[in-house]
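Colleague: Sequence isn't available, so here's the structure alone:
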């Protein structure tokens, strides 16, 4: 709710998807979406505690300039969400909620409708200036066996120049002396990924602890994953091959049948996915890809993984690609028989900074006192870490490049990151000019550039 003081009261019929609404002035309230001027997303809002009615359940939704709204109601125990793209504020009065631009989605958002624990959880941080991660990690680590059930190990990886420092432990993070050390370790970094594990695939042991890391093209890549991926179930010893575009790149058929250079050490589907992605990238590129080309290729590879079984696949991951950038991908969902929604959320903290309050422990910080006007920090998490901030959920199938603490949602948006010198850096593989690389992989075709 931003830029307008309107509250719309709606009634939703159980037997119909016709929506009607009236508006009245009100104040801003919980669940409002902050407009950043960059992109609009739809964070889940808490389900209103209205009494059960025989035929109708009223709900409250918030509308504002350059924002969107979500309606939360319940149809025979199924929580439903109504999404609508942004509308101008002068269209609010007399709003008829029957337009085809609404999308009715019967998913369940964990943050809104349940306190059931999530199978694994991810945490990522990306910054414009080197920043310590002690605040976010303090709350995140409590979910490793204290405020949540993730007792099957934890890990963290963060970049220091071209090096990658990792801490891995198969013990619960909430009880781990190593985790306590890391929480008080005032190191600053541009790029960090962490993971707490509730094992559903593979035993509890060090080799199955995320984040996983590998070297490709002389670059340290790291990877953490949450979800279930049918394509990679039972593939220990022979992971599937991916090409992402049917072998349509410059290397032709070689992309369809390539060597498995990267193989899992442990027995999780997560590590197998990471290895398959790296094998596909190695086969596709004989020169170092630019960030726009890498973004486009990773999205195609993710599409290929999901296409095997879109209904049962849950694929959420973070992948670090060097000192400055990391990718976040989400194909969210709920496991059969579960009401737990597995997705990814992010928040961008930038001036003017305010107080943030952790949800997993009694701790808060006023970022205005510890930051500078040049700071910009993006935090990515499986479940929002704070109680008083508005987190943005990644859309289904969305791949975001984070650089300088900001989200880059499309390949073309990554061009500026490349021009800033934040692209991949290697001394072992040729690095073509940006325009040459993009033309070689047909990036300009249909890109509107």
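Modeller: That came through fine. Not measured: the values here are computed from a predicted model.

Colleague: For residue 277, which non-adjacent residue is closest in space?
Modeller: Distance criterion Cβ to Cβ, 6 or more residues apart in numbering; nearest residue to residue 277, sequence neighbours excluded, is residue 301 at 5.8 Å. Where you see a C-beta, it was placed from the backbone N, CA and C, and this is true even at glycine.

Colleague: before we move on, which element is the one you found in?
Modeller: helix 291-307 (DSSP states H and E).

Colleague: in the stretch 101-250 of the chain, which ranges drop under the pLDDT threshold?
Modeller: 101-119, 139, 144-151, 198-202, 235-237, 245-250 (pLDDT under 70).

Colleague: can you map out the helices along it?
Modeller: 110-113, 134-142, 177-183 (DSSP state H, counting those that start in this stretch).

Colleague: Contacts for the longest one next, please.
Modeller: When contacts are defined by Cβ atoms under 8 Å, 6 or more residues apart in numbering, helix 134-142 is touched by residues 121, 123, 125, 148, 154, 156, 173-174, 176, 179, 182-186, 194, 196, 356, 358-361, 363, 365, 379, 381, 385-386.

Colleague: quick one: contacts for residue 311?
Modeller: Residue 311 neighbours (Cβ under 8 Å, 6+ apart): none.

Colleague: which ones are touching residue 276?
Modeller: 232, 239, 240, 241, 242, 262.

Colleague: how near is the nearest residue to the fourth one once chain neighbours are set aside to residue 303?
Modeller: For residue 241, the nearest residue in space outside its immediate sequence neighbours is residue 258; the separation is 6.5 Å by Cβ to Cβ, 6+ apart. Distance, residue 258 to residue 303, using Cβ to Cβ, to the nearest Å: 19 Å.

Colleague: Next: residue 212.
Modeller: The spacing between residue 212 and residue 303, counted by Cβ to Cβ, is 22 Å.

Colleague: The contacts of residue 276 into JSON lines, with extra columns for distance to residue 335?
Modeller: Formatted as JSON lines, the contacts of residue 276 follow (distance: Cβ to Cβ, whole Å):
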{"residue": "232", "distance to residue 335": "15"}
{"residue": "239", "distance to residue 335": "22"}
{"residue": "240", "distance to residue 335": "21"}
{"residue": "241", "distance to residue 335": "26"}
{"residue": "242", "distance to residue 335": "24"}
{"residue": "262", "distance to residue 335": "27"}
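
Colleague: So for residue 395, which of the helices of the stretch 101-250 of the chain sits nearest?
Modeller: Closest of the helices of the stretch 101-250 of the chain to residue 395 is helix 110-113, at 15.4 Å (criterion: Cβ to Cβ).

Colleague: ok, back up a step: buried ones from the contacts of helix 134-142, can you make that a PyMOL selection?
Modeller: Buried residues within the contacts of helix 134-142, by 16 or more other Cβ atoms under 10 Å, are selected in PyMOL with:
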select buried, resi 121+123+125+148+154+156+173+174+176+179+182+183+185+194+196+356+358+359+360+365+379+381+385+386
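
Colleague: give me every residue that touches residue 215.
Modeller: Residue 215 sits in contact with residue 221, where contact means Cβ under 8 Å, 6+ apart.

Colleague: can you count the residues close to residue 335?
Modeller: 14 (other Cβ atoms under 10 Å).

Colleague: Across the sheet, point out what pairs with the closest residue to it other than its chain neighbours.
Modeller: Nearest non-adjacent residue to residue 335, counting by Cβ to Cβ, 6+ apart: residue 228, 6.2 Å away. The partner list for residue 228 in beta bridges (DSSP bridges) reads residue 314.

Colleague: Go ahead and confirm residue 228 touches residue 309.
Modeller: No - judged on Cβ atoms under 8 Å, residue 228 makes no contact with residue 309 at a distance of 9.5 Å.

Colleague: Residue 177 and residue 219: what is the separation?
Modeller: 31 Å.

Colleague: now the strands for the stretch 101-250 of the chain?
Modeller: Along the stretch 101-250 of the chain, counting by DSSP state E, counting those that start in this stretch, strands occupy 103-105, 121-131, 154-160, 163-169, 189-196, 212-216, 219-228.

Colleague: quick one, helices of the stretch 251-400 of the chain?
Modeller: According to DSSP H, counting those that start in this stretch, the helices that the stretch 251-400 of the chain contains are 269-284, 291-307.

Colleague: Count the neighbours of residue 312 for me.
Modeller: Residue 312: 14 neighbours (other Cβ under 10 Å).

Colleague: Next up, phi/psi of it, please.
Modeller: phi -100, psi -10 (degrees, to the nearest 10).

Colleague: could you list every residue that touches the residue nearest to it when sequence neighbours are not counted?
Modeller: Setting aside the residues directly before and after it, residue 312 is nearest to residue 230 in space (Cβ to Cβ, 6+ apart), at 5.3 Å. Going by Cβ under 8 Å, 6+ apart, residue 230 touches 308, 309, 312, 313.

Colleague: again, 10 Å this time
Modeller: Neighbour list for residue 230: 269, 305, 306, 308, 309, 310, 311, 312, 313, 314 [criterion: Cβ atoms under 10 Å, 6 or more residues apart in numbering].

Colleague: May I ask which of the residues you listed comes out lowest in pLDDT?
Modeller: Least confident of the contacts of residue 230 in the model: residue 269, at 89.

Colleague: Just to check, that one is in contact with residue 210?
Modeller: No - look at residue 269 against residue 210 with Cβ atoms under 10 Å: they stay out of range, at 11.7 Å.

Colleague: Pull up the overlap in contacts between those two.
Modeller: What both residue 269 and residue 210 touch, as defined by Cβ under 10 Å, 6+ apart, is the set residue 225.

Colleague: The two - which one has more neighbours?
Modeller: Per other Cβ under 10 Å, whichever of residue 269 and residue 210 has more neighbours is residue 210, with 30 against 23.

Colleague: circling back: tell me which of residue 177 and residue 219 has more neighbours.
Modeller: Using other Cβ under 10 Å as the criterion, residue 177 and residue 219 rank with residue 219 on top: 20 against 9.

Colleague: Quick check: chain neighbours aside, which residue is closest to the more buried one?
Modeller: Nearest to residue 219 is residue 322, by Cβ to Cβ, 6+ apart, at 5.4 Å.

Colleague: From what I see, the one you found and residue 189 are in contact.
Modeller: No - applying Cβ under 10 Å, one finds residue 322 not in contact with residue 189, separated by 11.8 Å.
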